[in-house]
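*Asks:* Prediction below, plus the sequence it came from.
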2 protein chains.
Amino acid sequence: MSQPARRTRLTPRERKEQLLDHGVRLLGTRQLDELSIDLLAEEAGISRGLLYHYFGGKHDFHVAVVERAAREIFEATAPTGDGDALTQMLESMRVYVRYVRANHTGYASLVRAARGGSDDLRGVYERARGDLTDRIFAAAGAGALAELGITDTTASRRLARAWASMAEDAVLDWVLDDAGLSEDQLITSLTSALWAGLTSLPRQA
Amino acid sequence: MSQPARRTRLTPRERKEQLLDHGVRLLGTRQLDELSIDLLAEEAGISRGLLYHYFGGKHDFHVAVVERAAREIFEATAPTGDGDALTQMLESMRVYVRYVRANHTGYASLVRAARGGSDDLRGVYERARGDLTDRIFAAAGAGALAELGITDTTASRRLARAWASMAEDAVLDWVLDDAGLSEDQLITSLTSALWAGLTSLPRQA
């Protein structure tokens, strides 16, 4: 008869998730390319062999960490459902700015690696970013968007994705040196840019 | 007595510029990482040794090509000096969009490499991009900007640089698939985003 599993035993999936959490934490203060399986093994007190079993190699590990970090940002910035589309957007931006401030080194490196990296790394990142900006449309709903003069079209969703690059650059810069801008002023200028871009698109494109 | 230089003989600097032109042309249809000194040697019908003499190695060659391509874009998009700040901006954007359309493969690869690449590659690219967006302020002049409700501050110039990432992504996407947007509509939505971001910044930041 097999032994019953101990209560504290994690499933392989849970264990992998826990290790990825650890990897994302390490990324808070390190560049993505400094993040190795050896480092994770050392920090997590676990054998390299097991980590290679979970993650394959450094590249797959990086893809998994980027995927995990992106999902973390996605979950952290979930709209609360309170207020109109603009209020929800401002709230999500506020959480995002604070995330970048708390994780500047790793996030800057993640953005750089994801923008310039291999096709799969960029793919993971761009999908996650697309989910983030698509949410602007989903959360607002067609009625609320129409009131703001915005139509949910392919062109609108694409413009919002492109705007995410602007937001990433602006927030990363701002955290290093605020150039006299308050957090509110930064967020206002970025959301104004997005809204103006979206409202100036043709209604049917 | 030394021989007089033949009229057609180029100075080493001119020769290097000519080779760089050739490198930028090759980038029109190739990824930056496919661009090697061997390929340039073959295409230009010149010895590898001489090319190594000019460019050192692949990395320095890439930095030089990115620098050169960025300068080309900068020169091509120079404001004509006709019309107000907004008209000049629209004109520069139009030239930029056409440049990206004519050089999509290489430009996409250049942007990716420059955003995710080594510190010096990113440095060269970011300086060039900064020159481009700084020009918005220089060309308009303080008076014209004030009429538009924009102040020339560190925060404004930074926001314009961040916006350049949005413009790059949006234009690169649009060239691949226009999603029903005309060139004018694309340019209008991008400039609207920039203008709205800038005018919503505090006057003194």
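*Replies:* Noted; the coordinates are in hand.
*Asks:* residue of chain A with the smallest distance to chain B?
*Replies:* For chain A, the residue closest to chain B is A:Gly116, as judged by Cβ to the nearest Cβ, at 0.9 Å. Yep, even glycine has a C-beta here, placed from its N, CA and C like the rest.
*Asks:* Based on its surroundings, how many neighbours for that residue?
*Replies:* Under the neighbour criterion other Cβ atoms under 10 Å in any protein chain shown, A:Gly116 is assigned a count of 19.
*Asks:* again with A:Gly143
*Replies:* Neighbours of A:Gly143 under the rule other Cβ under 10 Å: 8.
*Asks:* helix or strand for it, which one?
*Replies:* Using DSSP states H and E, the secondary-structure element containing A:Gly143 is helix A:119-148.
*Asks:* immediately after that helix, which helix or strand?
*Replies:* helix A:154-176.
*Asks:* Just want the angle from that following helix to helix B:119-147.
*Replies:* Note on geometry: by axes from the mean of the first three to the mean of the last three Cα atoms, to 10 degrees, helix A:154-176 and helix B:119-147 are set 100 degrees apart in direction.
*Asks:* Which positions in helix A:154-176 come out as buried?
*Replies:* Taking 16 or more other Cβ atoms under 10 Å in any protein chain shown as the basis for neighbour counts, the residues of helix A:154-176 that come out buried are A:155-175.
*Asks:* Quick one: distance of that helix to the chain centre.
*Replies:* Here the centre of mass of C-alpha atoms in helix A:154-176, compared against the chain's by Cα atoms, centre = their mean, to the nearest Å, lies 12 Å away.
*Asks:* which outside residues touch the very next helix or strand once past that helix?
*Replies:* The first helix or strand that comes after helix A:154-176 along the chain, using DSSP H and E, is helix A:183-199. When contacts are taken as Cβ atoms under 8 Å, 6 or more residues apart in numbering or on different chains, the neighbours of helix A:183-199 outside the stretch itself are A:86, A:89-90, A:93-94, A:97, A:136, A:148-150, A:156, A:159-160, A:163, A:166-167, A:170-171, A:174, A:178, A:181, B:155, B:159, B:163, B:166, B:189-190, B:192-202, B:205.
*Asks:* Quick one: mean pLDDT over helix A:183-199.
*Replies:* Per-residue pLDDT values over helix A:183-199 give a mean of 96.
*Asks:* pull the CA atoms of that helix into PDB?
*Replies:* Extracted as PDB, the C-alpha positions of helix A:183-199 are listed here (Å, rounded to 0.1, in the frame of the first residue of the first chain):
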ATOM      1  CA  GLU A 183       2.900  60.200  -9.600                       C
ATOM      2  CA  ASP A 184      -0.500  61.700 -10.400                       C
ATOM      3  CA  GLN A 185       0.900  64.000 -13.000                       C
ATOM      4  CA  LEU A 186       2.800  61.200 -14.700                       C
ATOM      5  CA  ILE A 187      -0.300  59.000 -14.800                       C
ATOM      6  CA  THR A 188      -2.500  61.800 -16.000                       C
ATOM      7  CA  SER A 189      -0.200  62.600 -18.900                       C
ATOM      8  CA  LEU A 190       0.100  59.000 -19.900                       C
ATOM      9  CA  THR A 191      -3.600  58.300 -19.800                       C
ATOM     10  CA  SER A 192      -4.300  61.600 -21.600                       C
ATOM     11  CA  ALA A 193      -2.000  60.400 -24.400                       C
ATOM     12  CA  LEU A 194      -3.800  57.100 -24.700                       C
ATOM     13  CA  TRP A 195      -7.300  58.600 -24.600                       C
ATOM     14  CA  ALA A 196      -6.400  61.200 -27.200                       C
ATOM     15  CA  GLY A 197      -4.900  58.600 -29.500                       C
ATOM     16  CA  LEU A 198      -7.900  56.400 -29.200                       C
ATOM     17  CA  THR A 199     -10.500  59.100 -29.600                       C
END
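*Asks:* Enumerate every residue touching A:Leu148.
*Replies:* Contacts of A:Leu148 were listed using Cβ under 8 Å, 6+ apart, and they are A:85-86, A:140, A:195, A:198-199.
*Asks:* which one of those has the most neighbours?
*Replies:* By neighbour count, taken as other Cβ under 10 Å, the most surrounded of the contacts of A:Leu148 turns out to be A:Leu198 (26 neighbours).
*Asks:* My read is that A:Ala108 contacts A:Leu172, right?
*Replies:* Yes - if you go by Cβ atoms under 8 Å, A:Ala108 and A:Leu172 touch, sitting 5.4 Å apart.
*Asks:* Check whether the spatially most central residue of chain A sits in a helix, strand or coil.
*Replies:* The centroid of chain A falls nearest to A:Ala70 when counting by Cα atoms, centre = their mean (3.2 Å). The three-state assignment at A:Ala70 reads helix, by DSSP: H, G, I helix; E, B strand; the rest coil.
*Asks:* who touches it in this structure?
*Replies:* A:Ala70 makes contact with A:124-125, A:128-129, according to Cβ under 8 Å, 6+ apart.
*Asks:* I'd like the residues you listed laid out as a markdown table, including distance to chain B, pLDDT and neighbour count.
*Replies:* Conversion of those to a markdown table gives the following (distance: Cβ to the nearest Cβ, whole Å; pLDDT from 0 to 100; neighbours: other Cβ atoms under 10 Å in any protein chain shown):
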| residue | distance to chain B | pLDDT | neighbour count |
| --- | --- | --- | --- |
| A:Val124 | 14 | 88 | 23 |
| A:Tyr125 | 11 | 88 | 21 |
| A:Ala128 | 15 | 87 | 19 |
| A:Arg129 | 10 | 88 | 22 |
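*Asks:* Quick one: low-confidence residue ranges for chain A.
*Replies:* By pLDDT under 70, the low-scoring segments of chain A are A:1-8, A:140, A:205.
*Asks:* Whichever strand or helix holds A:Glu43 packs against which elements?
*Replies:* With secondary structure defined by DSSP H and E, A:Glu43 is part of helix A:37-44. Counting contacts by 3 or more Cβ pairs under 8 Å, 6 or more residues apart in numbering or on different chains; DSSP states H and E, helix A:37-44 packs against helix A:12-27, helix A:48-55, helix A:58-76.
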